[in-house]
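Visitor: Sharing a model prediction with you, sequence too.
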Amino acid sequence: MLNTGSTKLIKLEVTRALRNKKYLFFTVLYPAALFLMLGGTLSGSTKVMGTELTMPAFYMVAMASFGALTAVLVGNSERIAKERESGWVRQLRLTALPGRGYVLAKTASAGVLSLPAILVVFAVAAVVKGVRFDVWQWFALTGAIWAGSLVFAALGVAIGYLASGDNVRPITMLFYFALSILGGLWMPTAAFPQWLQSVCEWLPTHAYAGLGQAIELGGAPQAKDVAILAVYFVLFTGAAAWLYRKDSLKA
């Protein structure tokens, strides 16, 4: 559980991000604009290859997931790397905040910041393209995509401790675009060669998109997708904690 120090750090992180104009554009407005470009130009009855979903429904989940991924991965990794170089993390170690509290606070605060991106894409899809679901589906979609974003928030923390301020951006972008494209957030993986599809189905972003797609079809997320995300969350969180301790020994 988060202690008082972790809770205060979360509030600080959220406040700082909401004041950042780049955050508001790239994580809140940009995914909604991409939805209109990719899924909003075709008829609402057009089905996506390999699925039973219409184009607007498919890309609504894809772009909401993409926006959440942007918020938790890109912002988190670069912010942590810069904080390490500025000495802010070293100052935090002098406080009563434990290492696990710092990692959990960073992951949780990034998760909070992913929610606006999800809600804006949903609103645009409903208003502009007339996407309609039952009330329970809207709540389930929001909860599933938000919860799934924590997996990539943990990855962002790990990258922030793996990379320096100079090389954190290219490393983050490599993960960011590879996971987005191969995970099926920009295009359906059914368009890929069969061998690549077999690889992609084990990526966390593929499972992440699968959560929302299953709910849109009226069912529950597949156990395989939930299990894949759970395993990646444990791996990414463990890596973040190990890299944090390793960085502490250097200080």
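Guide: Alright, I've got the coordinates.

Visitor: Spit out the contact partners of the residue lying closest to Ala62 once chain neighbours are set aside.
Guide: In space, and not counting its chain neighbours, Ala62 is closest to Leu185: 4.8 Å by C-beta to C-beta, 6 or more residues apart in numbering. The C-beta positions use only the backbone N, C-alpha and C, and glycine is treated the same way. Applying C-beta atoms under 8 Å, 6 or more residues apart in numbering, we find Leu185 in contact with Ala62, Met63, Ser65, Phe66, Leu69, Leu179, Thr205, Ala209.

Visitor: Tell me which two in the residues you listed are the farthest apart.
Guide: Across the contacts of Leu185, no pair lies farther apart than Met63 and Leu179, at 14.6 Å, counting by C-beta to C-beta.

Visitor: Compare neighbour counts for the two and give me the winner.
Guide: The neighbour comparison of Met63 against Leu179 (other C-beta atoms under 10 Å) goes to Met63, with 30 against 20.

Visitor: what helix or strand is that one on?
Guide: helix 55-69 (DSSP states H and E).

Visitor: That helix packs against which elements?
Guide: helix 30-38, helix 99-128, helix 135-162, helix 168-182, helix 204-216 (3 or more C-beta pairs under 8 Å, 6 or more residues apart in numbering; DSSP states H and E).

Visitor: my read: Asp225 touches Gln213, true?
Guide: No - with contact defined as C-beta atoms under 8 Å, Asp225 does not reach Gln213; the gap is 9.2 Å.

Visitor: and the angle from the helix holding Met63 to helix 135-162?
Guide: 40 degrees (axes from the mean of the first three to the mean of the last three C-alpha atoms, to 10 degrees).

Visitor: Give the buried residues for stretch 74-85.
Guide: Buried residues in stretch 74-85, defined by neighbour count with 16 or more other C-beta atoms under 10 Å: Val74, Gly75, Asn76, Ser77, Glu78, Arg79, Ile80, Ala81, Glu83, Arg84.
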